Structures are given as structure tokens and as C-alpha cells.
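Trainee: Here's a sequence, model it:
(one chain, ligands or ions: 2)
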Amino acid sequence: MTVTSPASTAAASATPATRPPLNLAVYLVTDSGSMLPEGKSVEDQVKAALEGGATLIQLREKSLDTGAFITRARALLTLCRAYNVPLLINDRIDVALAVDADGVHLGQDDMDPKLARAILGPNKYLGVTVHNMHDAERAADAGADYLGTCAIFDTQTKKHKPGFEPLGVEGVKAMLTKLAEHHKTRALPVCTIGGLHASNVGAVLKDTATKTKKLDGVAVVSAIMAQKDARAATAQLKDVVERELALAPVYATREACQVVSVAAETLRKLREGKASPLVHHITNFVVMNDNANAALAVGGSPVMAHAENEMEAMTGIASSLVLNVGTLSDTWISAMLTAGRVANARGIPVVLDPVGAGATPYRLATCRTLLSEIKFDIIKGNAGEIAALANVQGVEQRGVDSGEVAGGEKASVALAVALAKATGAVVAMSGATDYVARVTAEGKTQVVAVDNGTQWLGKITGTGCTTATLVGCFAGVLGKANAFEAAVAGILTMCVAGEKAVALAKGPMSFKVALFDEFFNVMPADLVQAAKVRDRIQANAD
Ligand SMILES: Cc1ncc(COP(=O)(O)OP(=O)(O)O)c(N)n1
Ligand SMILES: Cc1ncsc1CCOP(=O)(O)O
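Mentor: Numbers count the residues shown, from 1 in each chain. Ligands and ions are numbered 1, 2, ... in the order given. So this is what the prediction gives:
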């Protein structure tokens, strides 16, 4: 047995910035046995798979001598480099290090992943096969970059230990649910393997997806290695996988869960009477009474006051201030400016609801004056209002109602971020999906999307203004430093209460009654359970 000397020096190793990106979507695990079509080598099949769009390659050799293993690894590495696709080595850390591959994949009978990580260093990928949560936590603790479940279906390709039962779709789904629930494993990408091919991966990806976590890809052996046209087989797989991955949104990541848990914890304080923020509103005639009732129902203490002479005293004792330009007059504007200055001077969070901002020059000019004189912590508006303030054309404003943003999520996110950048405020933009955007102290944009809600919220007047009230209640508890979390909490509370109310509604008025009951009834656990909050979408806007 000959052992070839290491191919490259440590200095040439890829760093996280330069190494090929880890993408589990179409993950080819090789096999050099009898499944290879006549006349095809492992190298031929891997090359074809890369041409067809494979996103990750694992060299798996169970009986090759070390020297031959290294020779093959080196050949595959050259191929993978040409496609900027990582090459991982199954089981053998020595081979991975010898050729400077991008990492290893280990099973439960292989080296302890912690030890493997120590040997590999931080810049190599480490994947671990997991059978249960215990394995998954151990892998996460060791610094694994991804998890592969044990086999989902029976396969001829791997001989399992006696008694091994494939997980099945329900088993993988259950594992994803548990992975999403644990802070250590929540953010780790996951793939599955075993008996997968183009005609079942779509259903597998769809049927294993949970609200909080879905598979990031599929690993296959025979579906590519045994195919005469491995390139076409890979392309077909990729087509199905990409279509399915794009369809199901994922609602669980570390950051998204954190904002949801802050919302739930703050609602708990309100529910238990541990916080009862005095929310000073200068708001419009249409919603004044409803907003006061909504604030009361969630556990806040509303006050509606707009006489300029009492602003100093009233805003001065408030926990938060909500300014709503829905039914303006010059005297109200003057009162708003005074209240806003008092709030700013005392560190009280201020929410702006720029109702119908683009509808008339008077409203727009008023909003601009308010924005130049008052530092707002949160601006909550529909797309038309946000576009008017951000000076962005093309979003229709009909009175106080708004059209959709043309250009989908990317354009919506860009719009919310534009206003957040221009004003320094957290921007909460309502719509079928609500977006909350901010620029962090470090200058990074952060955006979350809330997919909750119901069309019924658009069938009664003033729900947008009431959302600002709820945001004001949360901001009154959480303070200026947590304006982002307060905005998400207010929106989520409105949306989840709306979803619960629909079941009880016969028409708009019974919906309204049910909605206000749900402001009172909605519990922290309801928010956590119902939340469809997505994050990591800021890249679209940058
Ligand atoms: C992506 C991926 N998932 C699972 C496995 C199986 O790993 P393991 O349990 O270590 O079994 P062997 O591959 O060593 O037979 C894998 N290799 N890749
Ligand atoms: C390596 C491995 N681990 C679990 S199943 C399996 C083989 C999967 O092969 P195939 O994709 O041909 O079913």
C-alpha cells in the first residue's frame, strides 16, 4: 500500500471567506462499486454531476487502500474546484487533510466529532449523521456545519446494522421539529439520505417541512452514480429540489425566534399586570375609542389627549407616545410637535402612524415636519405611506389605503429599509406580509417578515391605527432600546388575534368584536405557536 504525500500546505487552505459555499441542495455521495454504469468511473460520474448542478460532493470509499483513496480524492478535488463546489471525505480525516479537501462527513461509529473538529480546525466543513436529538446536540456542540439524518427509506446501497429501521417521512419530520425547538440545533442545515431519486424528493421535501424547519437538501448515491446520464439525472434532481425549497418558507432561525420570544415574554408581563404602560395617543377621531379599548384589552393604559396645553404634563408621565396623522388640524400638529419634543427629551419611545401620508400635500408636509422635528423610534405604515415618506414612486395610495409594492418581497424589503436608513427609525410596513426593518448600531440592516394575519383585518376600519397602538403598548414596556422587538410584537399580536378571531366571525362586525376579545385573550403561547416570522431576508435589500 503506497501513501502519497500531502498535496498542499496549510497556508493554501481555504478560509471561510474563500472556501466554496456549503449548499446541501443536491448532495452527491459517491460509490465505486458495481452500481457504476459500464465504462463509467467515479471521476466520470462526479464530473457529470457537477455539470448537472450538484452542490456538494462526498467521496465515500469503504474498501479502497489509503493511497488509491488519496489519488481519487485529489482527482475529485480538482474537478470540484473547477465548479467551486466543496469536496468532503467520508469517515477519513487523514485523507481529507492529506489532500486539503473541504471537510469530512462522519457517522456515529466514526471519530468523536469534537475530536474531529479539533483536528480539522475551524475552516473545514464537518457534517455528522444523526439518528436522534442526542446525536444532533453532540454534533452541534462539536461545531458541526450541517447534519445528515440517517436513512429515510430503505436502500440497497448501504448495509445497515441489524434492527435498523429507516426514519420514514414522519421520522424526519419529527426530527426537524425537535431540531427547531433546540437553540443549539435550530440554525444547523439538514439533509436526508436513502432511497431518494427525482420522483420522490419533491414529496419528501414537502412532506417533511414543518412550520419551523425544513430540509436544506437531499443526499443521493444511486440516483446519480448508477445513471448512464448522470448529468441529466442531477439536473432533474436539482430542478425538483430547487422548486420545492423555494416554495416552503422557513419560520425558524435564531434571530426570528428571539423576537418572537421577546414578544411572548412582554405579552406575559402585560397579561400578569407586571407592566401597564401609559400610552399617550394623539390619534384620529375614527379610531380613538377603538384604540383605547385595544390598549386596555392587551393590558396597557391608554390616554387620548391632544390639547397642547397639557402635552408637557401628559407626555411627561407616559411610557410611550403614538402620533397618528389621520384627522389633522393645525392645532393638533402643534400639539404633536410639543408632545414629540417632550418624549424625546425624556427618552420616551415615539411611534409615528403616517396615515394616508401620500394622499394629500398637507399630510405629507406634516409628516415631513414631524420627522424633521421629532426623533421617531418606530414608523408604522402601509406600503403607500412608507413609499410617500421615503420619496419612492410607484406605490398607489388611495386615501388611507395602499396598493401593493411592485417587485415582490425584494422591492418591499428595499422600501422599508430605505425609510429605516433615511430616518434611523424602525420601520414596520404592513401588508399581506408585514416587514419590520431597522439599521443596527453597527450599521447593518435587519429585516424580519411576518406572514401571519388575515384578509379580514382589511374589512374593518382602523386596524392599521390599532396596530400602532399595540406597538405603542409594547414599546412602552420594552423601551427605546428594543423598538425593533416592540414593532414585531405589536404586529404579531394584531395578526395572531386576527387569525383567532376569523373562526368566530360571521361578518365584519362580529369579526371586530371577536378581534377585540382576542386582544384580551391571546396568550404568550399563542404567539409562539402561531408565529410565522422569517428573518435573514435583509440580503435582498442590500
Ligand atoms: C450526507 C450523508 N448522510 C448520511 C451518511 C451516512 O453516514 P454514516 O452513518 O457514517 O454511514 P457511512 O456513509 O459511513 O456508511 C453519509 N455518508 N452522508
Ligand atoms: C450512505 C448512506 N447512508 C444512509 S443511506 C445511504 C446510502 C444511500 O444510497 P441511495 O441514495 O442509493 O439510496
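
Trainee: and residue 320, how many neighbours?
Mentor: 31 (other C-beta atoms under 10 Å). C-betas here are computed from N, CA, C, even on glycine.

Trainee: got the residues of the stretch 351-500 of the chain near ligand 1?
Mentor: For the stretch 351-500 of the chain, no residue is in contact with ligand 1 (C-beta under 6 Å from any ligand atom).

Trainee: residue ranges for the helices of the stretch 351-500 of the chain, please.
Mentor: Secondary structure of the stretch 351-500 of the chain (DSSP state H, counting those that start in this stretch): helices at 361-373, 383-390, 408-423, 463-478, 483-502.

Trainee: what's the angle between the longest one and helix 408-423?
Mentor: Right, the one you point to is helix 483-502. Relative orientation of helix 483-502 versus helix 408-423 (axes from the mean of the first three to the mean of the last three C-alpha atoms, to 10 degrees): 140 degrees.

Trainee: and the angle for helix 483-502 with helix 463-478?
Mentor: 130 degrees.

Trainee: How about the third one?
Mentor: Taking the same axes, to 10 degrees, one finds helix 408-423 and helix 463-478 inclined to each other by 50 degrees.

Trainee: Which residues does helix 408-423 contact?
Mentor: 371, 376, 379, 383, 386-387, 389-390, 392, 395, 405, 407, 425-427, 429, 431, 433, 435-439, 445, 447, 449, 537-538, 540-542 (C-beta atoms under 8 Å, 6 or more residues apart in numbering).

Trainee: Which stretches in the stretch 151-300 of the chain count as strands?
Mentor: For the stretch 151-300 of the chain, applying DSSP state E, counting those that start in this stretch gives strands covering 190-193, 217-220, 278-282.

Trainee: check contacts around residue 332.
Mentor: 282, 306.

Trainee: I believe it is in a helix; please confirm or correct that.
Mentor: Yes - judged by DSSP: H, G, I helix; E, B strand; the rest coil, residue 332 forms part of a helix.

Trainee: So residue 74 versus residue 54, what's the distance?
Mentor: Applying C-beta to C-beta, to the nearest Å, the value for residue 74 to residue 54 is 19 Å.

Trainee: same question, residue 135
Mentor: 26 Å.

Trainee: Show me the shaky parts of the protein.
Mentor: Scanning the chain with the threshold set as pLDDT under 70 gives 1-17, 247-256, 394-403, 536-542.

Trainee: of all the residues in it, which ones are close to ligand 1?
Mentor: Residues of the chain lying near ligand 1 (C-beta under 6 Å from any ligand atom): 27, 29, 58, 60, 90-91, 105, 107, 110, 129, 148, 158, 191, 193, 219.

Trainee: now do 5 Å
Mentor: 105, 107, 129, 148, 193, 219 (C-beta under 5 Å from any ligand atom).

Trainee: from those, which is closest to residue 118?
Mentor: residue 105 (17.1 Å; C-beta to C-beta).

Trainee: That closest one: neighbour count?
Mentor: Count around residue 105 with other C-beta under 10 Å applied: 26.

Trainee: before we move on, what about residue 243?
Mentor: Neighbour count of residue 243, defined by other C-beta under 10 Å: 11.

Trainee: Same check on residue 120?
Mentor: 18.

Trainee: Of the helices of the stretch 351-500 of the chain, give the one that comes closest to ligand 2.
Mentor: helix 408-423 (34.2 Å; C-beta to the nearest ligand atom).

Trainee: hey, C-alpha coordinates of that closest one in CSV?
Mentor: Provided in CSV are the C-alpha atoms of helix 408-423 (Å, rounded to 0.1, in the frame of the first residue of the first chain):
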residue,chain,number,x,y,z
GLY,A,408,-42.4,41.4,-4.7
GLU,A,409,-40.6,40.8,-1.5
LYS,A,410,-37.3,42.2,-2.7
ALA,A,411,-38.9,45.6,-3.5
SER,A,412,-40.9,45.6,-0.3
VAL,A,413,-37.8,45.0,1.8
ALA,A,414,-35.9,47.6,-0.1
LEU,A,415,-38.6,50.1,0.6
ALA,A,416,-38.8,49.5,4.3
VAL,A,417,-35.0,49.6,4.6
ALA,A,418,-34.8,52.8,2.6
LEU,A,419,-37.0,54.6,5.1
ALA,A,420,-35.2,53.0,8.1
LYS,A,421,-31.9,54.3,6.7
ALA,A,422,-33.3,57.7,6.0
THR,A,423,-34.9,58.2,9.4
